[in-house]
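Enquirer: Build me a structure from this.
(2 chains)
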Amino acid sequence: MSIELPTAEPGLSGFIAELLADQQRLQTPAARLAAAWDAGRRGRIADLGPQLIPLTAPRPGEQFAFEVDLDSCTGCKACVAACHSLNGLDENETWRDVGQLVSDDPRHPFVQAVTTSCHHCADPGCLNGCPVLAYEKDPVTGIVRHLDDQCIGCSYCILKCPYDAPKFNAARGIVRKCDLCQDRLSAGEAPACVQACPTYAIRIVSVPVDGAGDGRPTPGFLDAAADYAITRPTTRYLSRRRPVAPLIAADAYALRPEWAHTPLGAMLTLAPMGIACVALAALRGGTDPALARLGWLAGLLGLGASVLHLGQPLRAWRVFLGLRRSWLSREVLGFGLWFLLATVAVVPGVPVPLRRPFALAASVVGLVGLACSVMVYVDTRREFWRWQQTAPRFVLGAAVLGLAAWLAVGPARAILPPALMAAMLLKLAVEVRVLQALDRADPDAPFTAAVRTARLLTGPLRPLFGARLALGLLGGVALPFALMARAVPPSTAWWGLGLLLLGEFAEHRLFFQAVAAPRMPGVVPA
Amino acid sequence: MIPRLRDLLHARQGPMTAELVQRPGEFGLGRVPARLKPAGTVASVCGYCSTGCSLKVHVDAEGGALNLSANPDYPVNTGMACPKGWEALAPLRAPDRATTPLLRDARGRLVPVDWGRAMDVFCARFKAIQARHGAAAVAFLSTGQIVTEEMALLGAVAKFGLGLLHGDGNTRQCMATAATAYKQSFGFDAPPFSYADFEESDVIVLWGSNLCIAHPILWQRVMRNRRRPEIVVVDPRRTETAQAGTRHYALRPKSDLTLLYGLARGLLQRGAIDRSYIAAHTEGFEDFAQFVAAFEPGRVCAETGLSPAEFERFIDLLAGGGRVSLWWTMGVNQGHEATRTAQGLINLALMTGNLGRPGTGPNSITGQCNAMGSRLFSNTTSLLGGHDFLSAADRAKVARVLDLPEARIPRENSLAYDQILEGIAAGRIRGLWVVATNPAHSWIHQGRARDLLARLDFLVVQDMYTSTETARAADLVLPAAGWGEKEGTFINSERRIGLVRKVARPPGQALADFAIFQLVATAWGCGPLFHRWSSPEAVFGLMKELSRGQPCDFTGIRDYAHVEAAGGIQWPLPEGGAGATGEPSDPAATGFGERRLFADGRFFTPSARARFCFDPPRPPPEPPDADYPFVLLTGRGTSSQWHTQSRSAKSAVLRKLYPEAIYVELHPDDARKIGVRAGESVRVRSRRGELVAAAVPTATVAPGQVFLPMHYAATNRLTHWGVDPHSRQPSYKACAVALDRASPAEGSSLS
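Expert: Below you'll find the predicted structure:
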């Protein structure tokens, strides 16, 4: 380490080389350090453990849970960084967040930091929604553990969790999340966040699994977070402070479009179109396979697109495992079975009399699949995705594209253009109705989920929303009207189908982006 | 077969699961990710703030860093760290690290050159400027971010070797006020406290300090106080700390001095002063008592905005007879009358005898990791070791210790940072060497500051990154190794000398600042002058000798190993003197082996008495008016941001923890008045510049005030070029601005 400065000018280049070599030399052999450690006393981490974690396993009816002393949490975020480091997470991966609750009354300023991670819920949404059973709730500790090697990266758990706890790791194509540092706890060590909190605001405690046993909240869960009843989170938030004004999440007014899920948008556009085409062809007697073939092709592309959505498509075969409780499993199986039946119905060489029963069977299965598809979103309990919105969107979307396809493929029927116009107008009415929330909203009140969706559509998503309406009106109303009036040649119907495909794709994009996703309080500006 | 099928169907184990499996880490680490299991650990003091936490770096068999965790065996942080500390290794791996010297070519582009060429150009250009405009036409700007040994070598090479006269540090921007205040009041720049005083206090006054966010680990010490203390927060904003404290006094911006004098008068009136302490250990009290008589409660409340009840309660707390400690940070240090404000706090401690006892003191919490090292050894404002350039005896002592001709030591003081920049404006300073700091982002009135840097004949920037606002303006960039890639010592806020260790290899040709300074000396032709400066530890030995007989005397420290074994060592620690062990038998030591100053009431002034320093309050230089009706406050944004963000923005984890684009906090009533809602764009204008920021309406700022975090480069477009007359520290925290709604298309000015 010690380098004498050369005394003569010619020495400079040699000196540079010497300095560069020395710079790359690390001075500390590990063995010496280990010896130094052995000579020293043990650290305090072990000493801290017992007071911050339970000394015994939970009793029957209890589980482990985070307990956060809000009065001690100052928002320093050491827990986030320590969780990242001590769990060896990827460079941009974090499993813990720190947000804020604020007073909504200017006369009473109040700020409260809130540290949050997985709540290891009594009735975990992630676990219930997972199509491949990649979540387990430990029968003793109640820890909700994610099985990284089982996960197919469908992200449905992220939609199902009202607290934004599971995090998608794009590099690995799977979701990962907090496991309450199960390894550490079982060795009597405090979890990373617990040992890193400078004010000891986070502890692990044993709590009754069912709160008060009747579905009522664990004492102290946050009012500003999503409805407790959805998943029954176990984290306890404690505070002795009594804020004078009601507290809202600091990001209660933030407008953040959600993830667009492009492949899912393509799937939800094309697969229902396929189902509708095959069904309409079947109703027509199955004699002309052109419409059915077009539908089959749409279905193929749609299901293909859905595979692109998965982070680990090669594991997707496991998707049947979740049939008993996951609407996603049911959707995938419904659509998959539909595709098999529809294939038989359209493959050249299948005798014509066989085609119709298969087409009809496919249609029934397809409609069941479509219903499951609706339930995938309804089951997330998000306001925008409630069935009154989702069901008409999905069903009318299928109808619009099926009718438009029929119109394009021919042969023309007089009923088709008015039917298409009716379906399209009805669907647009459903979509625009969402904006009614703005009329009823108090401009100064925190956004409700409905208001947030309406504001997203009229704010950051306005261009896409405008384009969607224009495409729908052009392809689904103006063009069929022109066809009806024979103002344009019949082949123009193909253009109409194209416009409507774009329009429906845009609509599904909006469906994902404009949803108000419940999460724990965040920070402003996001 | 069946189990394998079961595994295939339901993979509860596998390569991805294995990635996160933990194993006992040994070395007191608890469990660590199995793939990051270390072969050993190295304790190193964190390179961000002045708290001086020790980080335990997990290293592989070659001594290279794998990961780190907070060090449980260090008295400062006892196993805790803030997010910046936890992420301290991430900035080393950034893609924009400087890997070779860069020289601006004829077409104005920075192109890679080798060290030999870089040194040729460095010497030729600076020597040419000196030949034409005098030796003092080249100046340097140092930093509080490098180890003390490097600061000392830079100051020595620049002033004794290159013949520069003027050099200052970015510490001018954060703690010059505290240093000046202590120097004037105590006779030496001597923060008297130990962190243990947070735990021993009955009344903790945090004045202009958002401790929770700026120094989270010191807040930990507050929370460990078992005396149920009153925590009084004096800040115009309802900060996180104000929220967490027991009382918050939201005084009007820059009315601090009036409040301090009012409190002093209140204490006098009640007789709640320690007359025997005043008589035995202070001077100038009678004048002070007379002076504060004019600050009667009516005036104080009118000027500060406190209610009479709040004001009286504040006096009650100070008068209550318990141990009162008064802590301050940038809310005090960065003001137009900052030194007197800091001394207002010192005066309160002196008159109540709250000094030299547990849980007391007028205590400056410093900013940068090594601001305290800079205060003693940067060879800028004071001669190495807290000596005086103007004193012949001091010059002789330094020349003797360093074994160099006394004539090499300048006989005049250096210009301060703002005066160096004014020197550029006047054409007297033509060349500048900037080391590990980013004035193009951090200096006040940024438009003018950048214009001045552009006027230089030659600008050298020595930094870890090529991307800092200042490096991009440089004529020559010298690639530096960073924290963790070199060794040396830092001195923290409580005067604790701690060790920084080398645990990573810098990229490419980057060299430790220490090596660069050695190289410069050699290339310049003055290498032999520095034959005693062969390694950081050798320099540590020189620093010890320089400190001998000074208030900061630490000749009792043997070497780095002693520092490491002791868990850091506070100065003073004179050879063979009291306190040399830091053990409980030492009367000044706390249970943590922490020591405070002035237990004997003897100060470093010629009379050994502390002085009462005061001046009448002056109005701030730029009060709001009809054109610019709002007061702009600046400060720390979040605990995951650091200064100009050249390092903290390099961690993906830290980036998640603060807003990417600049935002402005304003009162909801003001937001309504200018017609903006949360998240919408606001234009903030001052007489010097403007920016567009996302609106964050919050009642934590008072009506008529707005707050901008300092970490976004745009903030200093607005600030006002004004300094405290004593400390010459810039006044960042109160200039006049106007607000209006900006169109959404204008967006926020990204950092």
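Enquirer: Now do the helices in the stretch 501-650 of chain B.
Expert: Using DSSP state H, counting those that start in this stretch, the helices of the stretch 501-650 of chain B run over B:513-524, B:536-547, B:560-566.
Enquirer: Let me know which of those is tucked in deepest.
Expert: Ranked by mean neighbour count, the helices of the stretch 501-650 of chain B are led by helix B:513-524 with a mean of 25 (mean count of other Cβ atoms under 10 Å in any protein chain shown). Backbone N, C-alpha and C define where each C-beta goes, glycine included.
Enquirer: re the thing from before, any chance of the helices of the stretch 501-650 of chain B in a markdown table, with distance to B:Thr100 and mean pLDDT too?
Expert: A markdown table is the format used below for the helices of the stretch 501-650 of chain B (distance: least, Cβ to Cβ, whole Å; pLDDT from 0 to 100):
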| stretch | distance to B:Thr100 | mean pLDDT |
| --- | --- | --- |
| helix B:513-524 | 13 | 98 |
| helix B:536-547 | 24 | 98 |
| helix B:560-566 | 31 | 92 |
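Enquirer: the strands in the stretch 401-526 of chain A, which residues?
Expert: Using DSSP state E, counting those that start in this stretch, no strands are found in the stretch 401-526 of chain A.
Enquirer: all helices of it, in order?
Expert: Using DSSP H, counting those that start in this stretch, the helices of the stretch 401-526 of chain A run over residues A:416-433, A:436-440, A:449-458, A:462-473, A:479-484, A:492-513.
Enquirer: and the ones you listed, which one's lowest on average pLDDT?
Expert: Ranked on mean pLDDT, the bottom entry among the helices of the stretch 401-526 of chain A is helix A:436-440, at a mean of 90.
Enquirer: Quickly check: that one near chain B or not.
Expert: No: figure legend: helix A:436-440 not in contact with chain B (Cβ under 8 Å from any Cβ of the partner chain); closest approach 13.8 Å.
Enquirer: tell me the angle of the longest helix seen in chain A relative to helix A:492-513?
Expert: In chain A, taking DSSP state H as the definition, the longest helix is helix A:352-378. Between the axes of helix A:352-378 and helix A:492-513, defined by axes from the mean of the first three to the mean of the last three Cα atoms, to 10 degrees, the angle is 30 degrees.
Enquirer: Tell me the buried residues in helix A:352-378?
Expert: A:355-356, A:358-363, A:365-378 (16 or more other Cβ atoms under 10 Å in any protein chain shown).
Enquirer: and the helix or strand that B:Thr177 is a member of, what other elements does it pack with?
Expert: B:Thr177 belongs to helix B:176-186 when assigned by DSSP states H and E. Packing partners of helix B:176-186 (3 or more Cβ pairs under 8 Å, 6 or more residues apart in numbering or on different chains; DSSP states H and E): helix B:330-333, helix B:338-352, strand B:361-364, strand B:610-611.
Enquirer: need those in a markdown table with mean pLDDT, distance to B:Leu519 and mean neighbour count, can you?
Expert: A markdown table is the format used below for the helices and strands packed on helix B:176-186 (pLDDT from 0 to 100; distance: least, Cβ to Cβ, whole Å; neighbours: other Cβ atoms under 10 Å in any protein chain shown):
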| stretch | mean pLDDT | distance to B:Leu519 | mean neighbour count |
| --- | --- | --- | --- |
| helix B:330-333 | 97 | 35 | 28 |
| helix B:338-352 | 98 | 38 | 27 |
| strand B:361-364 | 98 | 35 | 29 |
| strand B:610-611 | 98 | 45 | 26 |
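Enquirer: Out of those, flag the one nearest B:Leu268.
Expert: Among the helices and strands packed on helix B:176-186, the nearest to B:Leu268 by Cβ to Cβ is helix B:338-352 (7.6 Å).
Enquirer: What would that closest one look like as CSV? C-alpha coordinates only.
Expert: Extracted C-alpha coordinates of helix B:338-352, given in CSV (Å, rounded to 0.1, in the frame of the first residue of the first chain):
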residue,chain,number,x,y,z
ALA,B,338,-26.5,31.8,10.2
THR,B,339,-23.5,32.2,12.4
ARG,B,340,-25.3,34.4,14.9
THR,B,341,-28.2,32.0,14.8
ALA,B,342,-26.0,29.1,15.7
GLN,B,343,-24.5,31.3,18.4
GLY,B,344,-28.0,32.1,19.6
LEU,B,345,-28.3,28.4,20.4
ILE,B,346,-24.8,28.3,22.0
ASN,B,347,-25.7,31.3,24.1
LEU,B,348,-28.8,29.5,25.4
ALA,B,349,-26.7,26.6,26.4
LEU,B,350,-24.1,28.8,28.1
MET,B,351,-26.5,30.9,30.1
THR,B,352,-28.3,27.8,31.4
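Enquirer: could you give the angle of that helix to helix B:176-186?
Expert: 40 degrees.
Enquirer: What is helix B:338-352 packed up against?
Expert: With contacts taken as 3+ Cβ pairs under 8 Å, 6+ apart, helix B:338-352 sits against helix B:176-186, helix B:256-270, helix B:275-281, helix B:285-292, helix B:308-319, strand B:324-328, helix B:330-333, strand B:361-364.
Enquirer: Distance from the chain centre to the fifth one, please.
Expert: When you say that, I think you mean helix B:308-319. Helix B:308-319 has its C-alpha centroid displaced from the chain centroid by 31 Å (Cα atoms, centre = their mean, to the nearest Å).
Enquirer: since we're on residue 254, how many residues are nearby?
Expert: Picking chain A for this. Neighbour count for A:Ala254, taken as other Cβ atoms under 10 Å in any protein chain shown: 18.
Enquirer: oops, chain B please
Expert: Quick note: B:Lys254 (other Cβ under 10 Å) scores 26 neighbours.
Enquirer: what about the helices in the stretch 201-350 of chain A?
Expert: Under DSSP H, counting those that start in this stretch, the stretch 201-350 of chain A gives helices at A:262-283, A:289-309, A:327-346.
Enquirer: Give the buried residues for the longest one.
Expert: Read it as helix A:262-283. Buried-residue list, helix A:262-283, by 16+ other Cβ under 10 Å: A:263-282.
Enquirer: again with the last one
Expert: Across helix A:327-346, burial judged by 16+ other Cβ under 10 Å covers A:327-335, A:337-339, A:341-342, A:345-346.
Enquirer: with the residues you listed in mind, which one is nearest to chain B?
Expert: Comparing the buried residues of helix A:327-346 against chain B with Cβ to the nearest Cβ picks out A:Ser329 as the nearest, at 13.8 Å.
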